[in-house]
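Asks: Sequence and computational prediction follow.
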Amino acid sequence: MTTITMASRAAASLVLPAAPATPAPIADAAQHAEKAIPTCTWQPPDAGMECSQPLGSGHPTLCILHNPAGDKDVAEFDRAVQAKIDQEETNPQIPQVDLTGVVFPSGIQPLRRAFSKPVNFSWARFAGQADFRYSRFSGDAEFRNVRFAADANFAYTRFGGQAHFWGAEFAGETAFVGAAFHREANFSSVQFSSTGDFQGTRFEGDVDFSHSKVGKALNFQHISFPSSNMDFSVLFQDMVLERARSVRFEDMDLSRVSFLRTDVTQVHFVGCSWGHRADPLLWPLPLRGPRVLSQRRVVLFDELDLETAPDKDQASRDRRLVADLYRQLRQNLEASRQEAEAGHFYIGQMEMRRRDPSNPPLYRLMVSLYRVLAMYGESYLRPPFFYLLFASIAALFYLSGGLETGSGTVQASVTGLTWTQLPEFARGYVQAMVQALSAVGMLGGAINSKTWWVPAVYYVNMLLGTFLLGFFVVAVGRHFKR
């Protein structure tokens with residue numbers, strides 16, 4: 001009995017010392033204490049990455065980066081944002097520098113630096129000037145829905161990846177002078193409340209300014225695009241230009257630029273070049289002749305794009321839109337007394353009408369004849385050419401049917417003509433030619449002939465000659481109008 005009790009006590013004495021050595025609960029408590037440190041609760045609007053920065057900015061739920069207060073410590077903010085950029089740039093496990101929704105106060109240090117990773121500024125707010133001059137973005141740069149309350153300066157910045165400014169708002173002056181976009185540049189749905197300057201900007205990929213709104217001025221001068229033989233597009237579609245007279249395109253190649261559904265009637269185009277294409281010289285036959293029978297004309301990128309449209313109904317609607325764009329550009333140049341240059345766009349406008357299948361066939365036929373005879377009133381060489389051609393043909397009819405003159409009847413047959421009859425035929429043909437040429441406006445008076453169809457030919461001769469004379473006067477007026 002005593003032996004068992006002593007053994008039990010001995011066993012208990014061996015077990016008891018191990019009880020105090022239990023560090024696991026203490027370690028769990030330390031980890032729990034670390035996890036309990038409050039972090040920023042900012043949520044991105046587009047379900048992106050959440051913020052994990054600790055609190056400490058004086059705001060109960062937001063860190064200093066997302067605190068919207070205008071009086072937060074600028075020096076502390078600069079240290080925090082630079083530390084975040086440095087940490088995410090150097091950490092190989094983090095795919096991008098995430099500055100989503102950051103509220104940049106006034107007076108911050110310029111963000112001039114090289115970003116080796118993709119950078120996301122989406123939903124950020126800049127209360128003061130945003131200075132990105134000479135920065136380098138090696139990866140994609142996201143500025144979607146960013147609000148720039150003051151000036152934004154991206155002069156001489158290099159965008160190595162895609163640059164997205166979709167939905168951004170520029171309240172102050174915006175400068176992309178000398179900037180380079182090596183891939184896609186998306187400025188769709190951007191609002192420029194003040195001046196936007198893109199002088200000397202180089203674009204090497206697709207460019208999209210569609211649905212943007214310009215409050216004051218927008219300047220595109222000496223813009224560089226990729227080679228014209230590359231597949232790219234520059235879209236200025238559906239834009240709202242509140243002060244169109246302050247929008248300027250100067251010294252640019254606009255051969256692949258689309259202005260569809262944007263009113264460009266008052267936009268300034270100075271020294272710009274447009275696309276060209278070769279069309280049949282006379283009748284638009286399906287099989288075109290050699291180059292000598294073709295002529296070059298100005299063509300918009302939107303017209304060329306229609307040729308690849310699979311939907312014919314959509315293409316018909318777009319032809320009317322392209323025709324309206326040609327009309328706006330014509331009115332634009334006419335307002336600046338550039339009638340000859342405006343004629344190129346009038347030809348494009350009429351070509352869209354001629355090719356529009358929704359127009360009645362008779363209308364399209366008449367427009368086609370107008371094209372052949374006078375290039376829609378823009379050629380002052382075609383009417384005299386066709387006037388002489390029709391007069392020479394009419395003279396043959398007069399000579400064949402017999403033409404009554406003061407010295408008798410002038411009549412000769414073209415068939416069976418011998419060399420001895422040639423002088424007499426020539427004299428008669430000259431008289432008939434004079435009659436045909438003077439048929440315009442009945443300048444030569446009524447024609448007399450014993451053949452019934454000669455007067456009919458004369459009236460056709462008179463009608464065509466009068467129309468051609470009118471086309472000639474219109475063309476001369478358009479080309480030489482002061």
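Replies: That came through, no problem.

Asks: how far does stretch 99-119 stretch from start to finish?
Replies: Stretch 99-119 has its terminal residues 7 Å apart, counting by CA to CA, to the nearest Å.

Asks: And it, what's buried?
Replies: Of all the residues in stretch 99-119, those buried under the rule 16 or more other CB atoms under 10 Å are 99-105, 108, 111, 115, 117-119. (C-beta placed from N, C-alpha, C; glycine too.)

Asks: now do stretch 239-256
Replies: Residues M239, L241, A244, S246, V247, R248, F249, M252, D253, L254, S255, R256 are the ones in stretch 239-256 that count as buried (16+ other CB under 10 Å).

Asks: same deal with stretch 337-346?
Replies: With burial defined by 16+ other CB under 10 Å, the residues of stretch 337-346 counted as buried are E339, E341, A342, G343, H344, F345, Y346.

Asks: Go through the buried residues of stretch 99-119 and name the one nearest M366.
Replies: P118 (58.3 Å; CB to CB).

Asks: wait, isn't Q349 in contact with R330?
Replies: Yes - using CB atoms under 8 Å, Q349 is in contact with R330, at 6.4 Å.

Asks: what about the stretch 301-450 of the chain, any weak spots by pLDDT?
Replies: Across the stretch 301-450 of the chain, the ranges flagged by pLDDT under 70 are 309-316, 402-422, 441-450.

Asks: for it, what spans make up the helices?
Replies: Per DSSP state H, counting those that start in this stretch, the stretch 301-450 of the chain carries helices over the ranges 301-306, 312-335, 339-355, 361-374, 382-401, 422-437.

Asks: Nearest approach to S194 belongs to which of those helices?
Replies: Nearest of the helices of the stretch 301-450 of the chain to S194, taken as CB to CB: helix 312-335 at 24.3 Å.

Asks: Show me what that closest one is in contact with.
Replies: For helix 312-335, the external contacting residues (CB atoms under 8 Å, 6 or more residues apart in numbering) are 259-261, 263-267, 269, 300, 302-303, 306, 309, 339, 341-343, 345-346, 348-349, 352-353, 355-358.

Asks: tell me which residues in that helix are buried?
Replies: Buried residues in helix 312-335, counted by 16+ other CB under 10 Å: 315-316, 318-319, 322-323, 325-330, 332-334.

Asks: Please flag which of the buried residues of stretch 239-256 sit within strands.
Replies: In this view, the buried residues of stretch 239-256 that belong to strands under DSSP state E are L241, V247, R248, F249.

Asks: Nearest to A475 among those residues?
Replies: F249 (28.5 Å).

Asks: So that closest one sits against S273, correct?
Replies: No - counting by CB under 8 Å, F249 sits too far from S273 to count as a contact (10.8 Å).

Asks: Now do the same for L65: its pLDDT.
Replies: For L65, the pLDDT comes out at 88.

Asks: count of neighbours near E351?
Replies: When neighbours are counted by other CB atoms under 10 Å, E351 registers 22.

Asks: Any idea how many residues pack against A83?
Replies: With other CB under 10 Å as criterion, A83 counts 11.

Asks: tell me which element it falls in.
Replies: helix 74-90 (DSSP states H and E).

Asks: Show me which positions of that helix end up buried.
Replies: F77, D78, A80, V81, K84, I85, E88, E89.

Asks: try stretch 189-208
Replies: Neighbour counts using 16+ other CB under 10 Å place 189-201, 203-208 of stretch 189-208 among the buried residues.

Asks: domain ranges for the chain?
Replies: 41-273, 283-372, 382-480 (automatic domain parsing).

Asks: Highest average neighbour count across the ones you listed: which stretch is it?
Replies: Comparing the domains of the chain by mean neighbour count (mean count of other CB atoms under 10 Å), domain 41-273 comes out on top with a mean of 18.

Asks: Give the single residue among the buried residues of stretch 239-256 positioned nearest to T157.
Replies: Of all the buried residues of stretch 239-256, T157 sits closest to M252, with 20.4 Å by CB to CB.

Asks: That closest one is in contact with H268, isn't it?
Replies: No - using CB under 8 Å as the test, M252 is too far from H268 to be in contact (11.5 Å).

Asks: Quickly note the distance from C272 to Q338.
Replies: Distance from C272 to Q338, counting by CB to CB, to the nearest Å: 12 Å.

Asks: Run through the residues that contact the nearest residue to V267 once chain neighbours are set aside.
Replies: Spatial nearest neighbour of V267, chain neighbours left out: V247 (4.8 Å); criterion: CB to CB, 6 or more residues apart in numbering. Residues near V247 by CB under 8 Å, 6+ apart: V214, A217, L218, N219, L241, V267, H268.

Asks: can you check V74 too?
Replies: Going by CB under 8 Å, 6+ apart, V74 touches P105, S106, G107, I108.

Asks: For N67, see how far away the second one is.
Replies: Right, S106. S106 is 14 Å from N67, where distance means CB to CB.

Asks: Okay, now the unreliable bits of the stretch 101-250 of the chain?
Replies: The model of the stretch 101-250 of the chain has pLDDT under 70 over residues 227-230.

Asks: what's near enough to touch the spatially closest residue to P384 that is not a sequence neighbour?
Replies: Distances taken as CB to CB, 6+ apart place F472 nearest to P384, at 6.2 Å, with adjacent residues excluded. If a contact means CB under 8 Å, 6+ apart, then F472 has A374, Y380, P383, P384, Y387 as its contacts.

Asks: what about F472, helix or strand, and which?
Replies: Per DSSP H and E: F472 is located in helix 453-480.

Asks: chain center to that helix: distance?
Replies: 41 Å (CA atoms, centre = their mean, to the nearest Å).

Asks: next one: stretch 38-47
Replies: Computed by CA atoms, centre = their mean, the chain-centroid distance of stretch 38-47 equals 37 Å.

Asks: Dump it to PDB, restricted to CA.
Replies: The C-alpha trace of stretch 38-47 is given here as PDB (Å, rounded to 0.1, in the frame of the first residue of the first chain):
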ATOM      1  CA  PRO A  38      -6.200  47.500 -38.200                       C
ATOM      2  CA  THR A  39      -5.700  48.000 -41.900                       C
ATOM      3  CA  CYS A  40      -7.300  50.300 -44.500                       C
ATOM      4  CA  THR A  41     -10.900  49.300 -45.500                       C
ATOM      5  CA  TRP A  42     -10.900  51.100 -48.900                       C
ATOM      6  CA  GLN A  43     -12.700  49.000 -51.600                       C
ATOM      7  CA  PRO A  44     -12.000  49.500 -55.300                       C
ATOM      8  CA  PRO A  45     -15.100  50.300 -57.300                       C
ATOM      9  CA  ASP A  46     -14.200  47.700 -60.000                       C
ATOM     10  CA  ALA A  47     -13.600  44.800 -57.600                       C
END
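
Asks: okay if I get the contacts of V247 as a markdown table plus secondary structure and distance to A124?
Replies: Compiled in a markdown table, these are given as follows (DSSP: H, G, I helix; E, B strand; the rest coil; distance: CB to CB, whole Å):
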| residue | secondary structure | distance to A124 |
| --- | --- | --- |
| V214 | strand | 22 |
| A217 | coil | 25 |
| L218 | strand | 23 |
| N219 | strand | 25 |
| L241 | strand | 27 |
| V267 | coil | 31 |
| H268 | strand | 33 |
